[in-house]
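Trainee: turn this into a structure:
(chains A and B)
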Amino acid sequence: MAAKSAPQPPSAELIDRLQRRRTIGVMLQGLLFVNWQLLFLPMLWPSTWSGGPFDLVRVVAYPLWPALMLAFIASGGGFILSREVRAVLNDETTHAHRRRALEFGFWGAMAGALAGYGLSLAGAASPLAVAHLVLSAGLAAAMVAFAALELRAQANG
Amino acid sequence: MAERLGNHLREARAARGWTQADLAQRVGVTRKTINTVENGVFIPSTVLALKLASALESTVESLFELYG
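Mentor: Prediction:
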């Protein structure tokens, strides 16, 4: 019986291509998320909150996108890729960039919390809107920071 | 004054006629990791430094040195 050959390491071209795709995807996700929030956030102001079916569906659906983004930031994503490819894609620099991006995310969330605090004091924001603000600012900062760090590292090759 | 980690990775790689992608594939990392280590932007772990030295048939001490 023929010996089983060792799996070939993924090619550098494939890894480069997947990495670029991931970086652009993360940047777009972060920017789209901010835009989406800016469009929908005013609808959560107490004066516009009706509590009707549309509002309830939106409130239940909202956490799905942030949950996916959090899962990506925590794990590096690429769940449909092979273990070997995922291991190379999530190498040391990617881990370092994720840690740095999480720091940016923390400061983004803090800025969002302070803004929410101010808006609440002025009676302009519901608790839901403040939660939106904190989550959105934190996630968007983390995603955009990750993409920016990855782009910078990939440049000047 | 803070110490700075310098390296001779680019020279060692070029001496073998390898691209960053070649070295990245041999070590099992992305090209950007090789790029950032060569440019001094990223300080590799001991494990990665040993892998780089092994791939280049060199020693960690000859690839990396402290300045300052």
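
Trainee: count of neighbours near the closest residue in space to residue A:69 that isn't next to it in sequence?
Mentor: For residue A:69, the nearest residue in space outside its immediate sequence neighbours is residue A:139; the separation is 5.2 Å by CB to CB, 6 or more residues apart in numbering or on different chains. Every residue, glycine included, has its C-beta placed from N, CA and C. Burial of residue A:139 is recorded as 25 neighbouring residues (other CB atoms under 10 Å in any protein chain shown).

Trainee: quick check: residue A:139 is in a helix.
Mentor: Yes. If the criterion is DSSP: H, G, I helix; E, B strand; the rest coil, then residue A:139 is within a helix.

Trainee: next, count neighbours for the residue in chain A that chain B sits nearest to.
Mentor: Shortest chain A-to-chain B distance, computed as CB to the nearest CB: residue-wise this is residue A:12, at 3.6 Å. Counted with other CB under 10 Å, the neighbours of residue A:12 add up to 21.

Trainee: for residue A:96, same thing?
Mentor: Residues contacting residue A:96 under the criterion other CB under 10 Å number 17.

Trainee: which secondary structure element is home to the residue lying closest to the residue of chain A closest to chain B once chain neighbours are set aside?
Mentor: The shortest distance from residue A:12 to any residue that is not its chain neighbour, by CB to CB, 6+ apart, is 3.6 Å, and that residue is residue B:21. Secondary-structure element containing residue B:21, defined by DSSP states H and E: helix B:20-27.

Trainee: now do that helix: distance to the chain's middle.
Mentor: 11 Å (CA atoms, centre = their mean, to the nearest Å).
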